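Q: Okay, predicted coordinates and the sequence, questions at the end:
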Amino acid sequence: MAASDERNKQEMKHLSDQELMRLIQAGDFSPASEIYDRYSSRIYNFAYRFLRNSEAAEDATQEVFVKMLKHASQFHGDAKLSTWLFSITANWCRDYLRKADNKAKEAEEVLYTLPTSAEDAPDRNLERRQDEAMVQRALSALTPEQREAILLSRYQGLSYAEIAQISGCSEGAVKTRVFRAMETLKKALAGDPRGGDRCLNAIS
Amino acid sequence: MSECDFMRESMPMLLTESLDPVRREHTHQHIEHCTACSDDWTAYQETWRVLEELPVVEVPARVKDRFLAQIAPPATLPSNVVPFTRRPALKWIAQAAAVVVIAGGSYFTGHRTKPVEIQRTPAQVTSVTPIGAPQSQFSIAESRVLPASLINPNIEGRPDIENVQFERASTNDEQITLAFDITSRVTVTGRPTDKSMVRLMRYVLENEDRLGPSRSRAIDWVKTTYSRPGNADPEIATALANVLRNDEHQGVRIKAVETLKTLQPSVGVSAADTRDALIEALKSDPNPAVRIKAVEALANLARTGAPLDTETLNTLRLKAGQDDENVYVRMKAAEALSNVKP
């Protein structure tokens, strides 16, 4: 039985997302693990950067894959599975932020994610951590819509059309959100003194 | 909006390479000649680069554990514990009988994989019509009784003579008889839909392994000819179903099921025999490639919108959820089910 499971796991690695989803739609949940392995990192990182809360990002990741199984029949295969999963994730994150008590938690967590490298000098490590914190703070200055757009565009490499589908808005609206996000980030990160105050205000 | 504002709005799309070539070229040209936009562009590039400072964060392993635990079926605990007891003699006899039944069944099933045997029906010539008469019917299975005086004494070429029988021998001056089978070269021309051609093709399909070098070649020919909507014939489908059931070569069975698939739009798997052959292949063909093709043939039917009967649906459901089935067969079965119209 264990050998059969292992063989199935290996075979599933060769199946496309659409093929795996068809199995799930037929009531077979065994491909869930394979889909999780393919997308969990992207989903978690998106939620993590969007919510700035690792605990919430863990819940989001788990819930997204449970919802994927629960609502598998709604996936028609005309969109990419990644787009559909990011739609579920973005919805979950928006709902999370909408809840009043979560808003307070939103900016609480200070995200230092860079592993400490033994080869790097302590001052270099510190510098890298500071850079990361600076970027995270700059992202915090964005509205949730802008943050969603820039995270999907810059870190997930999605097209504007895909982001529009995920965010439930027009492609034009996505372009505007990315443009405004970049303007704010540019001011915050590229040393533009006009943006620095806004950024500091937003996180204080 | 000034041209510079317009260019600035294009810069994020320039970074994500989302601009069409003409606008991209235009924006680049503007940036080259406009100092303010050039500075802005440098700042955009720097910002885009700095965003890379956020590394990919590893998902904690506990998230997957929690997810898999959440979707795992609830463990069923045994409601009672059956104590070990010595099996009664009657149970041993029942099990032995079961083994006999299974062995007998396997023997029977195994013998079904033999080539199709078609009973020979000897034909008799009742009349002889001169060659060239347009309305004459020529039987390719016939026996002739001829006096030696009608046979040309010069035997030309090297005709294949088989099954020679010396039926009467005589040392005095009486009649002697020699019987044999001789193969004549017969070229038959007609439309694919002519009943004679259909019957001939059916016979060739079911007997090609005895009559010629390759049944596979016969299937290729049938596929080319009878896949055309106007030519499809239920008898051809039946012959292919027989090949699917009985041929011992998996390559031939795959070809048979593929050809059945191409015949379906016209013939329809509603022909019970054909559908049964596909279901049989899906259930018990030892080769997964044949089973995949069988599912595809059934899926093809579902895709055309034809209603599938309960047995077909049940078989597809069974295959889609069968743990020890090849994953591609399961996936194809699931795909077929997703195409079934409610």
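A: The structure has been received and is ready for your questions.
Q: ok now do whatever residue of chain A ends up closest to chain B, which residues does it touch?
A: Closest approach between chain A and chain B, counting by C-beta to the nearest C-beta: residue A:26, at 3.5 Å. Yep, even glycine has a C-beta here, placed from its N, CA and C like the rest. Going by C-beta atoms under 8 Å, 6 or more residues apart in numbering or on different chains, residue A:26 touches B:317, B:320-321, B:330, B:333-334, B:337-338.
Q: and these, which two are the farthest apart?
A: B:321 and B:338 (13.8 Å; C-beta to C-beta).
Q: thinking again about what came up before, please name the nearest non-neighbouring residue to the residue of chain A closest to chain B.
A: With sequence-adjacent residues excluded and distances taken as C-beta to C-beta, 6 or more residues apart in numbering or on different chains, residue A:26 is closest to residue B:334, at 3.5 Å.
Q: Also residue A:149?
A: The shortest distance from residue A:149 to any non-neighbouring residue, by C-beta to C-beta, 6+ apart, is to residue A:177 (4.0 Å).
Q: and the one you found, what element?
A: helix A:171-189 (DSSP states H and E).
Q: packing partners for that helix?
A: helix A:122-140, helix A:144-150, helix A:160-167, helix A:193-203, helix B:3-15, helix B:35-50 (3 or more C-beta pairs under 8 Å, 6 or more residues apart in numbering or on different chains; DSSP states H and E).
Q: May I have the second one as PDB, with CA atoms only?
A: Going back to what we said before, that points to helix A:144-150. Provided in PDB are the C-alpha atoms of helix A:144-150 (Å, rounded to 0.1, in the frame of the first residue of the first chain):
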ATOM      1  CA  PRO A 144      -4.400  47.200   0.600                       C
ATOM      2  CA  GLU A 145      -5.500  47.400  -3.100                       C
ATOM      3  CA  GLN A 146      -2.100  48.900  -4.200                       C
ATOM      4  CA  ARG A 147      -0.200  46.400  -2.000                       C
ATOM      5  CA  GLU A 148      -2.200  43.500  -3.500                       C
ATOM      6  CA  ALA A 149      -1.400  44.700  -7.000                       C
ATOM      7  CA  ILE A 150       2.300  45.300  -6.400                       C
END
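Q: Domain ranges for chain A, per the record?
A: Split into domains by automatic domain parsing, chain A comes to A:1-109, A:117-204.
Q: Which one, of those domains, ends up nearest to residue B:53?
A: domain A:117-204 (4.4 Å).
Q: ok, the residue nearest to residue A:149 to residue A:62 distance?
A: 28 Å (C-beta to C-beta, to the nearest Å).
Q: Show me the contacts of residue A:26 that map onto helices.
A: B:317, B:320, B:330, B:333-334, B:337-338 (DSSP state H).
Q: And the residues you listed, which is closest to residue B:290?
A: Nearest to residue B:290 among these, counting by C-beta to C-beta, is residue B:333 at 13.9 Å.
Q: That closest one and chain A, how far apart?
A: Note on residue B:333: its distance to chain A, by C-beta to the nearest C-beta, to the nearest Å, is 7 Å.
Q: my read: that residue touches residue B:316, true?
A: Yes: Residue B:333 lies in contact with residue B:316 (C-beta atoms under 8 Å); the separation is 4.7 Å.
Q: so what's in contact with these two at the same time?
A: Residues within reach of residue B:333 and of residue B:316 at once, by C-beta under 8 Å, 6+ apart, are residue B:295.
Q: Nearest to chain A: which residue in the stretch 201-342 of chain B?
A: Ranked by C-beta to the nearest C-beta, the top residue of the stretch 201-342 of chain B for proximity to chain A is residue B:334, at 3.5 Å.
Q: Tell me which residues touch that residue, please.
A: Shown in contact with residue B:334 (C-beta under 8 Å, 6+ apart): A:22-23, A:25-26, A:28, B:320.
Q: and which of those is nearest residue B:250?
A: Among the contacts of residue B:334, and counting by C-beta to C-beta, the member closest to residue B:250 is residue B:320, at 22.8 Å.
Q: ok, how many other residues are close to that closest one?
A: Counted by other C-beta atoms under 10 Å in any protein chain shown, the residues lying close to residue B:320 total 25.
Q: can you tell me which residue is nearest the centre of chain A?
A: Among the residues of chain A, the one closest to the centroid is residue A:46, at 1.2 Å (C-alpha atoms, centre = their mean).
Q: Look up how far residue B:71 lies from that residue.
A: From residue A:46 across to residue B:71, the span is 22 Å (C-beta to C-beta).
Q: swap in residue A:9?
A: According to C-beta to C-beta, residue A:9 and residue B:71 sit 16 Å apart.
Q: right, and the helices and strands packed on helix A:171-189 - which one's nearest residue A:38?
A: Among those, helix A:160-167 sits nearest to residue A:38 (C-beta to C-beta), with 16.7 Å.
Q: which residues are in contact with that closest one?
A: Counting by C-beta under 8 Å, 6+ apart, A:79-80, A:83, A:86-87, A:90, A:145, A:148-149, A:152-153, A:158, A:170-171, A:173-175, A:177-178, B:13, B:16, B:18 sit against helix A:160-167.
Q: Right, I'll leave it there.
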